[in-house]
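Asks: Just a sequence and a predicted model for now, questions to come.
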Amino acid sequence: MLSVSNLSCVRGERRLFSGLRFDLAPGEWLHVQGENGAGKTTLLRALVGLSPPADGDIRWRGESIRRLGEDYRREMLYLGHYGAVKEELTPLENLQLAAALDGRNLDDREAIATLHRFGLKGREELPVRFLSAGQKRRVLLARLVTRQAVLWVLDEPFTALDVKAVDMLSALISEHLAGGGLAILTSHQTMPIAGGRAIKL
Amino acid sequence: MSALLAIVRRDLLLAMRRKSEVLTALFFFIIVVSLFPLGIGPEPQLLKKIAPGVLWVAALLATMLSLNRLFATDHADGTLEQLVLSPTPLGLLVAGKIAAHWLTSGLPLVLLAPVLGLQFDLEASALGVLVGALLLGTPLLSLIGAIGAALTLGVRGGGVLLSLLVLPLYIPALIFGAGAVEAHISGLGAGGHLSLLAALLALAAFFAPWATTAALRIALE
């Protein structure tokens, strides 16, 4: 589904990695490992199309992601370092507006059920700035469920999460993979998800 | 289309929750415009002469104040990345953001202008032309400003750079906008100026979202 060949990325004057290649089939996930500054985030940003790589080819279903454009972005969800939630809005508004911007209408029931699943019961109507860092992270991660993407690209998804949330997220990713999805994660932790492959930058 | 409405609704909702930012620009406009009659003194002829220029310059500066935050907050909290990666075309979302910017910073100026114009002894028909010119001109200010805001995104000291970049581009809007009111007062009729302003608006409405989109993509790389 996702195939990467001969990829190299340059940050400023420095070549972070070159000649990177891997293929990812449905149900597989990739663990991107490396020291701080090794280029994990740069790799992910290249894979989602935010910053073009210096060289190499990224293909989704056999087509270059540059050519696919919106068709690729519809099937892909990238959650980065940032919160990407609006502090002034409530979790419910954040989730529903994010869905609406992606062209999907998310009704109240489904949105609230998703927030409950992420342990935000009773906080649906509270502005996000009153939530803790971990809870903010959960609001963002709730998009994994509502967006229904095939490829998940997650940069340090376990940051700021407590033990219970880590288990829940791992289960969610396993479920996604079992349903034929793909995932690419960066993390410094070892992850309790089966069927993974690792590359080290 | 629903995505366009969604981003307008989101930005309006955010403006409602952060009222101070919108009100700051608005009060700035009121105060700057009111300082001139106080400083110059009660000379109706002179006031009438400078009124269009003063109101327009104040509108330009008030718009500048609110341009900084057009993309900066979305950039800082990572929502801009999500907008770029959304399956919805970025041009559409940018157009929605510009529309929301006009609704929160341009439209209030248009509504306030006739009240402030009274201080300059402008008659009713001149106030009407002023409102018409601002109605055509303020969306133009938001459209051109968005290009500048996108180009200076993430640049240190971007605020000053933004003014240096955008204010010269506002000159045509200023000339035709203030000119429309002056032409009307002198009895020449404002039609020509307003037509030119409308033409500029049509041109900017077509090109500005596209240019802003390109600038945003570069800023995020």
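Replies: Received, thanks.

Asks: Residue of chain B closest to chain A, please.
Replies: Here the residue of chain B nearest chain A is B:Gly78; by C-beta to the nearest C-beta that distance is 2.4 Å. All C-beta spots, glycine's among them, are computed from the backbone N, C-alpha and C.

Asks: tell me the pLDDT at that residue?
Replies: The per-residue pLDDT reported for B:Gly78 equals 88.

Asks: quick one, what contacts it?
Replies: The contact partners of B:Gly78, taken as C-beta atoms under 8 Å, 6 or more residues apart in numbering or on different chains, are A:Gly80, A:His81, A:Tyr82, A:Gly83, A:Ala84.

Asks: From A:Arg137, how far off is the fourth one?
Replies: Just to be clear, that refers to A:Gly83. The spacing between A:Gly83 and A:Arg137, counted by C-beta to C-beta, to the nearest Å, is 8 Å.

Asks: Compare these two (neighbour count), which wins?
Replies: Here A:Gly83 and A:Arg137 are compared on neighbour count by other C-beta atoms under 10 Å in any protein chain shown; more neighbours surround A:Arg137, at 23 against 20.

Asks: The more buried one belongs to a helix?
Replies: Yes. In this structure, A:Arg137 lies within a helix as judged by DSSP: H, G, I helix; E, B strand; the rest coil.

Asks: what's near enough to touch it?
Replies: Under the criterion of C-beta under 8 Å, 6+ apart, the neighbours of A:Arg137 are A:Gly83, A:Thr159, A:Ala160, A:Leu161, A:Ala165.

Asks: rerun at 7 Å
Replies: Contacts here follow C-beta atoms under 7 Å, 6 or more residues apart in numbering or on different chains; on that basis A:Arg137 touches A:Thr159, A:Ala160, A:Leu161.

Asks: Give the burial count for the residue of chain A found nearest chain B, as a bare number.
Replies: For chain A, the nearest residue to chain B under the criterion C-beta to the nearest C-beta is A:Tyr82, separated by 2.4 Å. For A:Tyr82, the count of nearby residues is 16 (other C-beta under 10 Å).

Asks: now the one 5 residues further on
Replies: Counted by other C-beta under 10 Å, the residues lying close to A:Glu87 total 17.

Asks: bridging residues for A:Phe22?
Replies: In this structure, A:Phe22 has the following beta-bridge partners (DSSP bridges): A:Val4.

Asks: What does the pLDDT read for it?
Replies: In this prediction A:Phe22 is given a pLDDT of 88.

Asks: pretty sure it contacts A:Ile199?
Replies: Yes. Proximity of A:Phe22 to A:Ile199 meets the contact threshold set by C-beta atoms under 7 Å, at 6.1 Å.

Asks: Now do the shared contacts for those two.
Replies: Shared contacts of A:Phe22 and A:Ile199, counting by C-beta under 7 Å, 6+ apart, come down to A:Leu30.

Asks: Just the helices from the chain, written as ranges.
Replies: I went with chain A, as the question did not name one. Assigned by DSSP state H, the helices in chain A fall at A:40-48, A:65-68, A:70-74, A:91-101, A:108-117, A:133-147, A:163-178.

Asks: Oops, wrong one, chain B.
Replies: Counting by DSSP H, chain B has these helices, from start to end: B:2-17, B:19-40, B:44-67, B:69-76, B:79-85, B:90-101, B:107-117, B:124-151, B:158-166, B:171-185, B:191-220.

Asks: nearest to A:Val10, of the ones you listed?
Replies: Closest to A:Val10 of the helices of chain B, according to C-beta to C-beta: helix B:191-220, at 16.2 Å.

Asks: follow-up on the earlier one: could you list every residue that touches the nearest residue to the residue of chain B closest to chain A once chain neighbours are set aside?
Replies: Counting by C-beta to C-beta, 6 or more residues apart in numbering or on different chains, B:Gly78 lies nearest to A:Tyr82, which is 2.4 Å off, once chain neighbours are set aside. With contacts taken as C-beta under 7 Å, 6+ apart, A:Tyr82 has the following neighbours: B:Asp77, B:Gly78, B:Glu81.

Asks: repeat that for 8 Å
Replies: Under the contact definition (C-beta under 8 Å, 6+ apart), the residues listed for A:Tyr82 are B:Asp77, B:Gly78, B:Thr79, B:Glu81.

Asks: What of B:Leu167?
Replies: The contact partners of B:Leu167, by C-beta under 8 Å, 6+ apart, come to B:Leu60, B:Met64.

Asks: before we move on, what about B:Pro209?
Replies: With C-beta under 8 Å, 6+ apart, B:Pro209 has these contacts: B:Gly91, B:Val94, B:Ala95, B:Ile98, B:Leu143, B:Ala146.

Asks: Save these as CSV, and put in distance to A:Leu131, neighbour count and pLDDT too.
Replies: Written out in CSV, the entries for those read as follows (distance: C-beta to C-beta, whole Å; neighbours: other C-beta atoms under 10 Å in any protein chain shown; pLDDT from 0 to 100):
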residue, distance to A:Leu131, neighbour count, pLDDT
B:Gly91, 33, 15, 92
B:Val94, 29, 25, 95
B:Ala95, 32, 22, 95
B:Ile98, 30, 28, 96
B:Leu143, 36, 27, 96
B:Ala146, 31, 28, 95
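
Asks: Next, count neighbours for residue 71.
Replies: The chain I'm using is chain A. The criterion is other C-beta under 10 Å. On that basis, A:Asp71 has 14 neighbouring residues.

Asks: that's the other chain; I wanted chain B
Replies: 25.

Asks: Tell me which of the helices of chain B approaches A:Thr190 most closely.
Replies: Proximity of those to A:Thr190 was assessed by C-beta to C-beta; the nearest stretch is helix B:79-85, lying at 27.7 Å.

Asks: What is that closest one packed up against?
Replies: In this structure, helix B:79-85 packs against strand A:76-79, helix A:91-101, helix B:69-76, helix B:90-101, helix B:191-220, with contacts taken as 3 or more C-beta pairs under 8 Å, 6 or more residues apart in numbering or on different chains; DSSP states H and E.

Asks: Let's have those in TSV, adding distance to B:Ile30.
Replies: Supplementary listing: the helices and strands packed on helix B:79-85 in TSV, determined by distance: least, C-beta to C-beta, whole Å:
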stretch	distance to B:Ile30
strand A:76-79	43
helix A:91-101	31
helix B:69-76	20
helix B:90-101	19
helix B:191-220	23
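
Asks: Quick one, which of the ones you listed gets closest to B:Phe120.
Replies: helix B:191-220 (18.5 Å).

Asks: How far does that closest one sit from its chain's centre?
Replies: Centre-to-centre, helix B:191-220 and its host chain are 12 Å apart (C-alpha atoms, centre = their mean, to the nearest Å).
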